[in-house]
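Asker: Sharing a sequence plus its predicted fold:
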Amino acid sequence: NLNLIENLITILYDNNIFSNITLPVLLNILEKEMFVETLEQLIIGNGFLMEQVILSIKITNITYEEKVIKNLLMLSNLGVKLSLELTNLNQENYAFVQKYNIDRLEINDELMNNEQVSELLYFAKVNNLEVIYKTSNVEQDMNTLNVSHMTGNPVDIKIINNTKKRGRK
């Protein structure tokens, strides 16, 4: 997972993207002893600020919860925002958000169509959480959906080589 993060940061740097960057992280990688220090070196070494980083946490099983909490607190103190990508609606999500001091939630079309999503959106509003709605239908009104931001599908960047080959076929 750290190799993936390093590759993403390098790609962002090479493409001169210096706005807020979202990095996907498995929860169990946050158990690593030197994770915060390593991430800080990668971020600062490539010319970014820690305040520009948003960690998009994917829930996985962990063994050392106290180490995860310690690392998340250290990251928060450095200015890193924490985001949680939700794949389903259950009570553990609410406890997770409060226990790990999550700043924003990421939901998709499937969750938005769930009848219990209004409870989640109310919870987010009461706890001052941003809600990112990842949808293919960006024409919807954000205010009626009670979400902070909407985003469509990621853009694929294709490099087209327009040079013509010379010579015979």
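Answerer: Sure thing, it's come through.
Asker: Verify the stated contact: residue 53 with residue 24.
Answerer: No. Counting by Cβ atoms under 8 Å, residue 24 is not a contact partner of residue 53; they are 11.9 Å apart. For glycine as for every other residue, the C-beta is placed from the backbone atoms N, C-alpha and C.
Asker: Pick out whichever of these two has more residues nearby.
Answerer: Using other Cβ atoms under 10 Å as the criterion, residue 53 and residue 24 rank with residue 53 on top: 23 against 15.
Asker: and the more buried one, what is it in contact with?
Answerer: Contact analysis of residue 53 by Cβ atoms under 8 Å, 6 or more residues apart in numbering lists 20, 21, 23, 39, 43, 79, 80, 81.
Asker: which residues pair with the last one across the strands?
Answerer: In this case it means residue 81. Judged by DSSP bridges, the bridge partners of residue 81 are residue 54.
Asker: mind starting the numbering at 612 from now?
Answerer: New numbering, starting at 612: the last item is residue 692.
Asker: ok, now how distant is it from residue 664?
Answerer: Taking Cβ to Cβ, to the nearest Å as the measure, residue 692 and residue 664 are separated by 7 Å.
Asker: which residues touch stretch 686-702?
Answerer: Stretch 686-702 is contacted from outside by 633, 635, 647, 650-651, 660-662, 664-670, 683, 704, 707-708, 711-718, 722, 725, 727-728, 730-731, 743, using Cβ under 8 Å, 6+ apart.
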